[in-house]
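Participant: Give me the fold of what follows.
(2 chains)
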Amino acid sequence: MFPYVIKRVLATIPVMTMVAVVVFAMLRLTPGDPAAILAGDDASGAQLEQIRRTMGLDQPILTQLFVWLKQLLQGDLGVSLISGTPVVSMIGSRVAPTISLALATIVLTIIVAVPMGVVAARRPGKLLDRTVMTFSVMGFSIPTFVIGYLLIYLLSLKLGWFPVQGYSPIEKGIGPFLHRLVLPTIALSGIYVALVARITRSSVIDVMGEDYIRTARAKGARESTVLLRHALRNAAVPIVTVIGIGVASLITGVVVTESVFNLPGLGRLVVEAVLARDYPVIQGLILLFSFTYVLINLTVDILYTVFDPRIRY
Amino acid sequence: MMQTYGRFFRHARALLCAAAVMVPMAGHSVAQAETLRAVMQSGLRVMDPVLSTAFLTRNHGYMIYDTLLGVDSDFKVQPQMASWTVSEDGKLYTFTLRDGLKWHDGEPVTAEDAVVSLKRWAEVDTTGQALMTMVEGIDAVDDKSFEIKLSQPTTLVLSGLSKLSSRPAFIMPKRIAETPSSEPITEFVGSGPFKFVEAEFQPGISVVYEKNEDYVPRDEPSSWTAGGKVVNVDRVEWVTMPDQMTAINALQNGEVDFIQEVPFDLLPLVEAADGIKAEVMDELGAWTYFRMNHLYPPFDNKLVRQAAMAAVGQEDVLKLLVGNPDFYQTCGAVMGCGNPNGDEYGAEWVVNSDIERAQSLLKEAGYDGTPVVLLQPTDIAMLAAQPIVLGDALRKAGFTVEMKTMDWQTVVTQQGNQNAPSEGGWNIFSTYSILATSGDPFGNTTLSTAGRSSWAGWPDVPEIEALRLDYARAATPEEQKEIAVKIQKLAIDEGVVGPLGQFRIPAAYSTEWTGFPKAPVTLFWNVQKTAE
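Facilitator: So this is what the prediction gives:
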């Protein structure tokens, strides 16, 4: 196992290098000029030229690439072309809301969706199964922003239970932190609950026909033991895979939820950086996201061995 | 089994307790009496109001910096940091700083600070650049006064130093103002009524300002950027909300106190809500217009430019863009209806759509069907409607139109592209500017007509350039108005810019607050809380 993990970690180096070079090249090929954004649309050509020189954007693309790669090797992601803030601190200030939202969503998803899927799988086609699947279809079908607006209208504006928007760092107290996370977590969970519930249901149904389930029942095991200890554990591989993908996509792409609830997270930072053609910030973020995907895939692969001892690396 | 139920009830009790703790906190979002929370149009990222012409950066400038002169709502220049005298021949201005001016670090403001700041500003600002062609020297006389020596009299000294909008001549400490004008400043110390709280700054997310306790406001009543800047709050927090619906919900819920711009389609929500007021703060508003590329066919031909201007109707644009006629008006003036220099020569064919006239002009010009590349930004609501109406009107007139859809930042980059439209360039695009900056031929960038060195579109009309110089040398507002009328005629006849009408964007605020200054720029002095 250990050599496998080391091998996988080392394999991230060429992946990240490829990502870095491709992202750099793609950004330079995209139309847009950070100097024009910095100076405003009334700026003269001469002023723009001067600003480009100051930013180093007048250098050949290869030179710019080498300068950036050299910085990367020193652990420096550079500074924002627009605000002058170090990219590391920009990303650092936006990580907490995104991670908090992602973790809260995954926890809520697991708590709600896995039992839903197991319960539905127990008697496929019966009322409970159909009810769970109806909720699941609704979760898939209703866009997150619609759920968000409905929650805001009902629970914030009408009942006054929760604030409409904003993020309160955990350092300012666990109460306000959780309080502001409740609505975005519920809104965002809808689609993931639907997805995980469906996968859990179908995986559990698949294993329910296996010999070891019949054996467990023949031994007189209680139905809950059969479901939770024998069926769910053997059905876990696809569920863990989906949850892993969910975590990665939650960290990298929750722009709509962050916008509707005004959370200053990474998703919004990506959009802001792309619109402003803030190259170092976009590059830094995409590197971070690539690393996140690699890391989560590795974690999921390791978890496979926990749930299914037959899997060996 | 009982054990299982016991566990469940213990957990349920814990959950209920947690909910009981959380529910009362829902009300805690009400603003503290001394903190004003404002949702601004976008997130502040560029902090240098001399380097950038972005409106938000300019508004940030007004928070922490001060200007030597201000302008009141009658367009009259008034003393702010300094008073002035002028020699009889009009060639020597002497400015004297008022008492009590201090930088946020406690040091006194000196004349040398003002001199260096003005020089940096004049390097990049259009009015400043024009002014500098007539300046023989800007020198400090002593700690409190400095002189501007001119080669000839000009009104640009006062209009430049009191310039309302991008770029106002903000005064900074000498050590900061010595930063080259192509490099952003990295220290944010001003002498204005608010202090920038750097420790709480999150680029693009939130900005915090604290009351500058050392600021001594002028005694005169506040009017636009003139008069007393009295601060009645301890803190002003600017927050950015990418979703305007969220901003309005937050205002309704008491989580924010002010929204700088309410989209027209959401205005009915604000008007129907209790405790919120929608109000236009900038009564002059903005004007929208289109610009044609004079370098390449078909708009290198004056008659084709006139055809385009005749084809498009302002009412059609404004209905789609704004909708509610309370917030728009048609206007043929390139320097704006409502501005002293506003003149409506040509309005009869610029304001209304006259397809027959456009067709006849195209025929006379011998238009051969050369495609017109029209840039269409889709990500900014206030810029999305114009290309749709423009494209439709041009097609009706007989133009071949090729729409290029892109985001606004790509349009901004494309604007400067002087290549032929077939090689990645463009023929036509539209945008908008605030009228407060468009009322004179220097602040109004569309009226720079020096060919390739002027603003996007690159019109080459030497007569307008000559008139701009005359305007700079004019001794009285009456003379300036006469020149402005001549510029209007040439700008319309030569197709320098196609006016598409004027509009005013309302702000919204909680009725617990009062005193928001009505001005063409967003200001936060004199605002106070009236209710707890």
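
Participant: number of nearby residues for the residue in the stretch 1-150 of chain B that chain A sits nearest to?
Facilitator: Chain A sits closest to B:Thr53 of the stretch 1-150 of chain B, with a gap of 3.1 Å, by C-beta to the nearest C-beta. Quick note: C-beta positions are derived from backbone N, CA and C, even for glycine. Number of residues near B:Thr53 (other C-beta atoms under 10 Å in any protein chain shown) recorded here: 23.

Participant: Report pLDDT for the residue nearest to it when sequence neighbours are not counted.
Facilitator: Closest residue to B:Thr53 apart from its sequence neighbours, by C-beta to C-beta, 6 or more residues apart in numbering or on different chains: A:Gly40 at 3.1 Å. Among the per-residue scores, A:Gly40 shows a pLDDT of 72.

Participant: Nearest to chain B: which residue in chain A?
Facilitator: For chain A, C-beta to the nearest C-beta, closest residue to chain B: A:Gly40, 3.1 Å.

Participant: ok, that residue to B:Gln409 distance?
Facilitator: Applying C-beta to C-beta, to the nearest Å, the value for A:Gly40 to B:Gln409 is 11 Å.

Participant: In terms of neighbours, single out the busier of these two.
Facilitator: Neighbour count, other C-beta under 10 Å: between A:Gly40 and B:Gln409, B:Gln409 has more, with 22 against 19.

Participant: residues contacting that one?
Facilitator: By C-beta atoms under 8 Å, 6 or more residues apart in numbering or on different chains, the contact list for B:Gln409 reads A:32, A:36-37, A:275-277.

Participant: how about a cut-off of 10 Å?
Facilitator: A:31-34, A:36-37, A:41, A:274-277, B:377, B:379-380 (C-beta atoms under 10 Å, 6 or more residues apart in numbering or on different chains).

Participant: from those, which would you call buried?
Facilitator: A:32-34, A:36-37, A:41, A:274-277, B:377 (16 or more other C-beta atoms under 10 Å in any protein chain shown).

Participant: Would you reformat these as a markdown table and include secondary structure and distance to B:Glu123?
Facilitator: Compiled in a markdown table, those are given as follows (DSSP: H, G, I helix; E, B strand; the rest coil; distance: C-beta to C-beta, whole Å):
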| residue | secondary structure | distance to B:Glu123 |
| --- | --- | --- |
| A:Gly32 | coil | 26 |
| A:Asp33 | coil | 21 |
| A:Pro34 | helix | 21 |
| A:Ala36 | helix | 18 |
| A:Ile37 | helix | 20 |
| A:Asp41 | coil | 19 |
| A:Val274 | helix | 31 |
| A:Leu275 | helix | 28 |
| A:Ala276 | coil | 24 |
| A:Arg277 | coil | 25 |
| B:Pro377 | strand | 30 |
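
Participant: Burial check on B:Arg357, number of neighbours?
Facilitator: Based on other C-beta under 10 Å, the number of other residues close to B:Arg357 is 17.

Participant: quick one on the thing from earlier: and which of the buried ones among the contacts of B:Gln409 is nearest B:Pro221?
Facilitator: A:Asp41 (34.8 Å; C-beta to C-beta).

Participant: Can you verify my assumption that A:Ser224 contacts A:Val118?
Facilitator: Yes. At 9.5 Å, A:Ser224 counts as touching A:Val118 under the criterion of C-beta atoms under 10 Å.

Participant: more crowded one of these two?
Facilitator: A:Val118 (21 against 10).

Participant: Just say helix, strand or coil for the more buried one.
Facilitator: Recorded secondary structure, A:Val118: helix (DSSP: H, G, I helix; E, B strand; the rest coil).

Participant: so where's the chain shaky on pLDDT?
Facilitator: In the absence of a named chain, this looks at chain A. A:41-42, A:253 (pLDDT under 70).

Participant: wrong chain, I was asking about chain B
Facilitator: Using pLDDT under 70, the flagged stretches of chain B are B:1-33, B:531-532.

Participant: got the CA coordinates for the helix or strand encompassing A:Leu128 in PDB?
Facilitator: If you go by DSSP states H and E, A:Leu128 is part of helix A:127-141. The C-alpha trace of helix A:127-141 is given here as PDB (Å, rounded to 0.1, in the frame of the first residue of the first chain):
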ATOM      1  CA  LEU A 127     -44.300   3.000  -1.600                       C
ATOM      2  CA  LEU A 128     -41.300   4.000   0.500                       C
ATOM      3  CA  ASP A 129     -39.000   3.300  -2.500                       C
ATOM      4  CA  ARG A 130     -41.200   5.300  -4.800                       C
ATOM      5  CA  THR A 131     -41.400   8.200  -2.300                       C
ATOM      6  CA  VAL A 132     -37.600   8.200  -1.900                       C
ATOM      7  CA  MET A 133     -37.100   8.100  -5.700                       C
ATOM      8  CA  THR A 134     -39.600  10.900  -6.200                       C
ATOM      9  CA  PHE A 135     -37.600  13.100  -3.800                       C
ATOM     10  CA  SER A 136     -34.500  12.100  -5.600                       C
ATOM     11  CA  VAL A 137     -35.900  13.100  -9.000                       C
ATOM     12  CA  MET A 138     -37.000  16.500  -7.400                       C
ATOM     13  CA  GLY A 139     -33.500  16.900  -6.000                       C
ATOM     14  CA  PHE A 140     -32.000  16.400  -9.500                       C
ATOM     15  CA  SER A 141     -34.600  18.600 -11.300                       C
END
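
Participant: and that helix, which residues are buried?
Facilitator: Here helix A:127-141 shows A:129, A:132-133, A:135-136, A:139 as buried, counting by 16+ other C-beta under 10 Å.

Participant: which residues of the stretch 1-150 of chain B fall in helices?
Facilitator: Along the stretch 1-150 of chain B, the segments classed as helices by DSSP state H, counting those that start in this stretch run B:2-22, B:55-64, B:111-124, B:126-132.

Participant: again with the stretch 1-150 of chain A
Facilitator: Going by DSSP H, counting those that start in this stretch, the stretch 1-150 of chain A shows helices at A:2-29, A:34-39, A:45-55, A:61-73, A:87-122, A:127-141, A:144-151.
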